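Chemist: Next come a sequence and a model predicted from it.
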Amino acid sequence: MPFAAEAITLTSEERLELEQMVQSRTLPAGDVFRARLILMLAERLPYRTIQERLATTAPTISRWKERFLERRVGGLLEIRHPGQKPVVITPVLQARVLEATRCKPKDGSTHWSCRKLAAQIGVSKDTVQRIWHKAGLKPHRLERYLASNDPEFERKAADIIGLYLNPPQHAAVFCVDEKSAIPALDRLDPVLPRSPGRAERHGFEYYRHGTLSLYAALDVRSGKVHGKTAARHTSDEFVDFLHQVAGLCKPQQDIHVILDNLSAHKTHKVASFLQEHPNVKLHFTPTYSSWLNQVEIWFSRIGRDVIARGVFSSVRDLARKLIRYIRAYSKTARPFHWKYSDIRHRVMPC
């Protein structure tokens, strides 16, 4: 027969208080556990039975029994474990963590995780996270940049920015570029529409019908876009598009065109067009500085709105949907406003 635990005698007030603790829905689970344990001891239940019902151990039962006999119910509510002392982040520890973060791990990985660095230095991961947060460090993130090597960067950039901020009176300013090799992708599996709690889903496999190029001219003053699709982006197609852009303006009106340094923009055919149209002037962005061309902002929009998730049954269907978007966009278009937004005086769109 299992050994019966030594009985604990309870007063009526103590029993009532312990029973209320057991039935409470707001007390911590530990307080409820200890109240149930004492009530079972008061009922002379064996240790083995208490262990099975409460999923505990004999030393735990003995410890809380002694605590109750010493201080009664109040002893059940006082946790004597002092806990760990808070880690003090000293300047020396902070400098040590930051210096280690600047060096790559020796295991061949490219950057530190908080747990890996914590194990290397001998501190907790929370300490490393606190130091990184205070210093604004995020080793898992990577940002890329592209520096222009154009020796005339400042002159070209100032010329283009001047057209945005203070365009010539009565002149038209267009940002022109082409988005090449746009794929006409058709999904092999049905597209599952979105529903509450579920995003739209596309099948993994697709069929490529072909590609086309999109020429776009953004009117800086109004924000409207004129577009043209072509099978390829060649100098002939570009010159034809320049004719279309010139046709949007009044005769003899000064036209300023901002564009990048693509070879198709600097051919003999382009030079011949400029001789025939002396009112058209081309402004080339500095090398590796396509962000100065506002039409790139618009290309990112049509990429998100039409191309990225579009389903196209043919190249003709792709062209039709691109032109339809351009016409709808131009009805409510607004110009992009530029401003100096940081201490490095870099011009950014808003």
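Modeler: Yep, it's here.

Chemist: What segments of the stretch 201-350 of the chain are strands?
Modeler: Along the stretch 201-350 of the chain, counting by DSSP state E, counting those that start in this stretch, strands occupy 206-219, 225-230, 255-259, 280-284, 338-340, 347-349.

Chemist: Can you add distance to Leu10 and mean neighbour count and give those strands back as JSON lines?
Modeler: From N, CA and C alone the C-beta is placed, and that goes for glycine too. Putting the strands of the stretch 201-350 of the chain into JSON lines (distance: least, Cβ to Cβ, whole Å; neighbours: other Cβ atoms under 10 Å) gives the following:
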{"stretch": "strand 206-219", "distance to Leu10": "74", "mean neighbour count": "19"}
{"stretch": "strand 225-230", "distance to Leu10": "84", "mean neighbour count": "20"}
{"stretch": "strand 255-259", "distance to Leu10": "89", "mean neighbour count": "22"}
{"stretch": "strand 280-284", "distance to Leu10": "92", "mean neighbour count": "17"}
{"stretch": "strand 338-340", "distance to Leu10": "76", "mean neighbour count": "12"}
{"stretch": "strand 347-349", "distance to Leu10": "74", "mean neighbour count": "14"}
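
Chemist: Looking at those, which is nearest to Val123?
Modeler: Comparing the strands of the stretch 201-350 of the chain by their distance to Val123 (Cβ to Cβ), the top pick is strand 347-349, with 39.5 Å.

Chemist: sorry, back to before: would you mind putting the strands of the stretch 201-350 of the chain into JSON lines with distance to Ala42 alongside?
Modeler: Shown next, in JSON lines, are the strands of the stretch 201-350 of the chain (distance: least, Cβ to Cβ, whole Å):
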{"stretch": "strand 206-219", "distance to Ala42": "72"}
{"stretch": "strand 225-230", "distance to Ala42": "83"}
{"stretch": "strand 255-259", "distance to Ala42": "88"}
{"stretch": "strand 280-284", "distance to Ala42": "92"}
{"stretch": "strand 338-340", "distance to Ala42": "76"}
{"stretch": "strand 347-349", "distance to Ala42": "74"}
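
Chemist: Relative to Tyr329, which of these is closest?
Modeler: Each of the strands of the stretch 201-350 of the chain was checked against Tyr329 via Cβ to Cβ, and the shortest separation belongs to strand 225-230, namely 6.1 Å.

Chemist: next one: the closest one to chain centre, how far?
Modeler: Between the mean C-alpha location of strand 225-230 and the chain-wide mean there is a distance of 31 Å, by Cα atoms, centre = their mean, to the nearest Å.

Chemist: What of stretch 197-207?
Modeler: A distance of 21 Å separates the C-alpha centroid of stretch 197-207 from that of its chain, computed with Cα atoms, centre = their mean.

Chemist: Can you list the buried residues in it?
Modeler: Residues of stretch 197-207 classed as buried: Tyr206 (neighbour count, 16 or more other Cβ atoms under 10 Å).
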